[in-house]
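Peer 1: Starting from these lines, generate the structure:
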Amino acid sequence: MTLESDPLKLDLIAFNPEVVPPKVIAEPLSLNGWTHVLCNEEMPIFSNTALSIHNILNDDRKGAMDLASVILQDPNLTVKLLKMSNTPHYNPSRQRMVTVSRAIVLIGSDIIRELTLVCSFFESILSATNRHQANEEIAQAIHAAVQAKSIAQLTNDASPEEVFIATLLNHIGSISFWCFCGEQGERIQAQVNKGSSHENAEKKVLGFKLTELGASLSKAWKLGALVEESIKPVLFPKNPRVDLVHLGYEITDALKEGVKSKKYEVCVKKIEELTQQSKQAIVENLQNNTDTAADIARQFGAADAAMLIQSRLNRTIIIEEPAPVVDKKQLQLQISQDIASIISAPFDINLLLETVLEGVHRGIGMDRTVFSLLASDKQSLKEKLSLGWRKESYEHKVVFHISETPLNLFFHALSGTQAFWPKPSVNARLYTLRDINMIGKNECFIMPVFSNKKPIGLIYADRGISGEPLTEDDFNAFKYFTQQANIGLMLYRMQRS
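Peer 2: Residues are numbered from 1 along each chain as shown. Below is the predicted model:
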């Protein structure tokens, strides 16, 4: 067997598949304590997603494939992101998108970054037991963000998506606190009911203001300069984009008081000066943005917040229908069509491999999927892209060891040319102790990947988390998708020769 090595050097990790039981979290007693608990205990998925996105977008060596792999680690986030990507608000051209890779290509990485952060954030907070105050905060944040982004577009801002994110996350301290607080929140509310301002009540109960918590979280999560700058209380901000963020909240406050209020008139006047639009056009735009914000809230799963947004203009509330059950056969067909369109012309090999892996992972319904390349020492296979693996961070890599003596799964798979469906009951001798420590003793699918008729890596998939059985239909679909990867690599090599 001749093996070619991967030119990229990847990190070695030890994978521990154990699931840690949830802990009961006590309410912190300081700003640093709340920051730590929210980042590490209550919202770890958002923390990991935000930091991974920051690292990818600030690394010139990483691109769309890396961004897609972060998104695809979380099935709920993937579904929600694709749902949002196909709405008219983000996809006015109505081009169908069934894979994250295609969404990034068609919509652009900036907007996908926006959607990923927003979807991940709401995925984290909406799993909590939300109180009325939390829903008020969520409603205002979404509404203000849509209004601010709209004005940013009218003023030809260079990145309206960045303004949207900065506005949405401007009250991140308040939103996060009210979604996870207990007795401290009740004490703050009691102080407010007695006539104290929110800031004074927060200071008295917590020892700090929730805007300070927002600034601390923004720094910890590396949410970006505009987010941090807009949170910090500055009497005379010099950045006009910060003014747009704050104007978004002024609009939502004005709408609470009504369209005939003095505050509303002041907001309309400000927008007139910024955009040079007529008063009638501005009023219509504010109303349309309110409808859009309510719809976006529903798409994010924040139904209570959507109702609060729409109630400000006393408009009819539309209850969101439950998301349709995904038909695997239909999804496989749609992803197959995407693959066919990719390889029908000169193409990006990374986009093809990402789409193939997404077809295996989402289309077949696998728990863990990985595309691994042969290391330079030819003794191991190192992750190029993985989905569903429970790892400490995105930077950690899955590594499979290759053993001829004793013969193991991965040496056996690389020695052949066809897809392999090992089963512990039939192929027990191939499951070495090292393999079992890495992947467990599960049925799995393995397909060698070739370049110039030489194996350079493999695609591996299993249901080692759920324990659901694999079927013949699953294996046939796996063979189809992985064959497309090999066909694509052959065509790619021909194009470059």
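
Peer 1: contacts, neighbours, all on C-alpha from now
Peer 2: Fine.

Peer 1: residue at max distance from the center of the chain?
Peer 2: Farthest-out residue of the chain from its mean C-alpha position, per CA atoms, centre = their mean: residue 405, at 41.8 Å.

Peer 1: Look up how far residue 456 lies from it.
Peer 2: Counting by CA to CA, to the nearest Å, the separation of residue 405 from residue 456 is 20 Å.

Peer 1: Centroid-nearest residue for the protein?
Peer 2: residue 116 (3.6 Å).

Peer 1: Shouldn't it be within a helix?
Peer 2: Yes. Using DSSP: H, G, I helix; E, B strand; the rest coil, the assignment for residue 116 is a helix.

Peer 1: What sits closest to it if chain neighbours are left out?
Peer 2: The spatial neighbour of residue 116 that comes closest, neighbours along the chain excluded (CA to CA, 6 or more residues apart in numbering), is residue 81 at 6.5 Å.

Peer 1: Then residue 62?
Peer 2: Closest residue to residue 62 apart from its sequence neighbours, by CA to CA, 6+ apart: residue 56 at 5.7 Å.

Peer 1: For the strand or helix carrying the one you found, which helices and strands make contact with it?
Peer 2: Assigned by DSSP states H and E, residue 56 falls within helix 44-57. If contacts are counted by 3 or more CA pairs under 8 Å, 6 or more residues apart in numbering; DSSP states H and E, helix 44-57 sits against helix 64-72, helix 109-125, helix 210-221.

Peer 1: closest to residue 88 out of those helices?
Peer 2: helix 109-125 (13.6 Å; CA to CA).

Peer 1: tell me how far the next helix or strand after that closest one is from the chain's mean position?
Peer 2: For helix 109-125, the following helix or strand on the C-terminal side (DSSP H and E) is helix 132-154. Its chain's C-alpha centre and that of helix 132-154 lie 20 Å apart, by CA atoms, centre = their mean, to the nearest Å.

Peer 1: what about residue 286, is that helix, strand or coil?
Peer 2: helix.

Peer 1: Chain neighbours aside, what residue packs nearest to it?
Peer 2: residue 147 (7.0 Å).

Peer 1: Counting neighbours, what do you get for residue 284?
Peer 2: Using other CA atoms under 10 Å, residue 284 has 11 neighbouring residues.

Peer 1: Please apply the same query to the one 10 residues further on.
Peer 2: Using other CA under 10 Å as the criterion, residue 294 is surrounded by 27 other residues.

Peer 1: Would you map the helices across the stretch 301-450 of the chain?
Peer 2: Listed in chain order, the helices of the stretch 301-450 of the chain (DSSP state H, counting those that start in this stretch) span residues 303-311, 328-342, 349-358, 364, 409-415, 433-439.

Peer 1: elements contacting the host helix or strand of residue 458?
Peer 2: Using DSSP H and E, residue 458 maps to strand 454-462. Secondary-structure packing of strand 454-462 (3+ CA pairs under 8 Å, 6+ apart): strand 368-374, helix 409-415, strand 444-451.

Peer 1: Deepest in the core, which of those is it.
Peer 2: strand 368-374 (a mean of 26; mean count of other CA atoms under 10 Å).

Peer 1: What pairs with it, parallel or antiparallel?
Peer 2: As defined by DSSP bridges, the strand partners of strand 368-374 come to strand 380-387 (antiparallel), strand 454-462 (antiparallel).

Peer 1: Just give me how far the shortest one sits from the chain centre.
Peer 2: Taking the mean C-alpha point of strand 380-387 and that of its whole chain, the gap between them comes to 20 Å (CA atoms, centre = their mean).

Peer 1: Ok, the last one next?
Peer 2: Taking CA atoms, centre = their mean, the mean C-alpha location of strand 454-462 is offset from the chain mean by 26 Å.
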